[in-house]
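Chemist: fold the following.
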Amino acid sequence: MNLVRPDGRSPHELRPLILETGYLNYADGSCLARAGNTWVLCAATIERRLPAWLIGSGQGWITAEYALLPAAGPQRTPRETLHPRGRSAEIRRFIGRSLRAVCNLAALAERQIIVDCDVIQADGGTRTIAVTAGFCALKQAVQKLLATAEISTNPIIEHVAAVSAGLVEGQAVLDMVYEEDSRAEIDMNLVITESGRIVEIQVTAERQPFTFDDFSRLFQNASVAINELIRIQHEALGE
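Modeler: Here you go, the predicted structure:
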């Protein structure tokens, strides 16, 4: 029997993703991503300063911030100004690694681009949607540097996107909403580049150990989905 998903999608179907680029007036690059009831706003800022450990290195840096807004979920989430949560720090690193993986940092010279990812509304997949939208914000910031001749070489090597996948009641599903994620037997987040190279795989057995066949099913479905996400990125960027 096929699993009946909360939003009626087929097991291998993504939520319709809308990427609205140039959403903010003052950011160097921005993108509002809407996938079902998950909304993430990403903004890229170019800074002419670096972390202390990179000063004098001749290379730039790309990093990310991530936060849930207080009313993003059913219960208010306290702001993290005074009490940062470990989950948010882990997701920040996940997004930053994903974006740096497709960039030649030397081509940025001694500049830093910070990609802020704020979850306006959360219903599963916030970290993967943040990577997909965050890349669009990053690319706009890089295009600004190129247009003003602040850099001469495009540091972006290729596109990158991410998606969640899982095993729910024995059924492999893509792009899980919270209700599915909370009861999944396997939970996976996958980051892949446009050329099909793997940046990161986060996969966990939530109930009991899984087989390689289980893993392979999820990976194959997710890698096909990422091709579609990258197509949506190109379209949103007018490419």
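Chemist: name the residues of the longest helix along the chain that are buried.
Modeler: Assignment by DSSP state H gives helix 212-236 as the longest helix of the chain. Buried residues in helix 212-236, counted by 16 or more other CB atoms under 10 Å: 214-215, 217-219, 221-222, 225-226, 229-230, 232-233, 236. The C-beta positions use only the backbone N, C-alpha and C, and glycine is treated the same way.
Chemist: excluding chain neighbours, what is closest to Arg92?
Modeler: Spatial nearest neighbour of Arg92, chain neighbours left out: Tyr66 (4.7 Å); criterion: CB to CB, 6 or more residues apart in numbering.
Chemist: kindly report the same for Ile114.
Modeler: Excluding the flanking residues, the one nearest Ile114 by CB to CB, 6+ apart is Thr45, at 4.9 Å.
Chemist: the one you found reaches Asp116, doesn't it?
Modeler: Yes. In terms of CB atoms under 8 Å, Thr45 counts as a neighbour of Asp116; the distance is 7.2 Å.
Chemist: and those two? Which one has more around it.
Modeler: Asp116 (21 against 17; other CB atoms under 10 Å).
Chemist: isn't that one right up against Ser30?
Modeler: No. Using CB under 8 Å, Asp116 is not in contact with Ser30; the gap is 9.3 Å.
Chemist: anything in contact with each of those two?
Modeler: Counting by CB atoms under 8 Å, 6 or more residues apart in numbering, the contacts common to Asp116 and Ser30 are 42-44.
Chemist: Ala72: which of those is nearest?
Modeler: Cys42 (14.5 Å; CB to CB).
Chemist: pLDDT score for the closest one?
Modeler: Note on Cys42: pLDDT of 98.
Chemist: what does Glu110 give?
Modeler: Value for Glu110, per-residue pLDDT: 87.
Chemist: skipping its backbone neighbours, what lies nearest it in space?
Modeler: In space, Glu110 is closest to Leu50, 5.6 Å off (CB to CB, 6+ apart).
Chemist: report the contact partners of that neighbour.
Modeler: Per CB under 8 Å, 6+ apart, neighbours of Leu50: 57, 60-61, 110-112.
Chemist: out of these, which are buried?
Modeler: For these, a burial check counting by 16+ other CB under 10 Å picks out 60-61, 111-112.
Chemist: from those residues, which land in strands?
Modeler: Cross-referencing these against strands under DSSP state E gives 61, 112.
Chemist: how about Ile129, secondary structure?
Modeler: helix (DSSP: H, G, I helix; E, B strand; the rest coil).
Chemist: so how far is Leu3 from it?
Modeler: 22 Å (CB to CB, to the nearest Å).
Chemist: which one of these two has more residues nearby?
Modeler: Just comparing Ile129 and Leu3: by other CB under 10 Å the higher neighbour count belongs to Ile129, 30 against 14.
Chemist: ok, that one - contacts?
Modeler: 17, 33, 35, 38, 40, 162.
Chemist: which of these sit farthest apart?
Modeler: Checking the contacts of Ile129 with CB to CB, the most distant pair is Thr38 and Ala162, at 12.8 Å.
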